[in-house]
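Q: Show me the folded form of this:
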Amino acid sequence: MRRVLFTAALILAAAPAWAEDFPKSPKVGPPEPLPEPICDVSAANDGGWLVGRWVAPQTRMEFVRAGEALTWTMDRKGSINTDFGWRDGAQISGGVEAVSGCTVTLNAGEGAFRFQGVLTDSGKLYGFATNKKGEVVRFTLRRER
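A: Numbering: from 1, shown residues only. Have a look, this model is predicted:
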């Protein structure tokens, strides 16, 4: 019996710390505000750097050229946020409003949200999607491998 009590006391003494005692991990999203652009945003750019697939957790975005314009589609998995037009397995599309050599502004179909992003020197696309209510979702996208 003493051995059992001693073992239980050792287990309690080695119990894991409460969650608030653990160090906080860095946020997955980009910093607020977005970093300064790494390019001259006033210089004309066709957005060639943006064309292709970009990914984030539960998100895949694809940018394609349609004539002179750039369009995009986003597949969102496991996310239900109807304020942004996202449902589980939703696919949303829209147009690229503006693009420079390192920044982009997107609009979502039917005005669900607007996305503003900036390319970093490490090749990631940091961005924010803002819905009509002013709510924000942060993204850190990288080129799909």
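Q: secondary structure element for residue 116?
A: When elements are assigned from DSSP states H and E, residue 116 belongs to strand 113-119.
Q: name the helices or strands packed onto the next helix or strand after that strand?
A: Counting by DSSP H and E, the element after strand 113-119 in chain order, helix or strand, is strand 125-131. Contacting strand 125-131 under the criterion 3 or more CB pairs under 8 Å, 6 or more residues apart in numbering; DSSP states H and E are the following elements: strand 103-108, strand 113-119, strand 136-143. In this view, the C-beta of every residue, glycine as well, is placed from N, C-alpha and C.
Q: who does the longest one touch, helix- and strand-wise?
A: On a contact count with 3+ CB pairs under 8 Å, 6+ apart, strand 136-143 meets strand 52-56, strand 59-66, strand 113-119, strand 125-131.
Q: rerun that using 6 Å as the cut-off
A: Contact analysis of strand 136-143 by 3 or more CB pairs under 6 Å, 6 or more residues apart in numbering; DSSP states H and E lists strand 52-56, strand 125-131 as its packing neighbours.
Q: okay if I get the ones you listed as JSON lines plus mean pLDDT, mean neighbour count and distance to residue 69?
A: Shown next, in JSON lines, are the helices and strands packed on strand 136-143 (pLDDT from 0 to 100; neighbours: other CB atoms under 10 Å; distance: least, CB to CB, whole Å):
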{"stretch": "strand 52-56", "mean pLDDT": "95", "mean neighbour count": "17", "distance to residue 69": "16"}
{"stretch": "strand 125-131", "mean pLDDT": "91", "mean neighbour count": "20", "distance to residue 69": "19"}
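Q: Skip the chain neighbours and tell me the closest residue to residue 64.
A: If you skip the residues right next to it in sequence, residue 64 has residue 71 as its closest partner in space, 5.8 Å away by CB to CB, 6 or more residues apart in numbering.
Q: okay, that neighbour: pLDDT?
A: At residue 71 the predicted local confidence, pLDDT, stands at 93.
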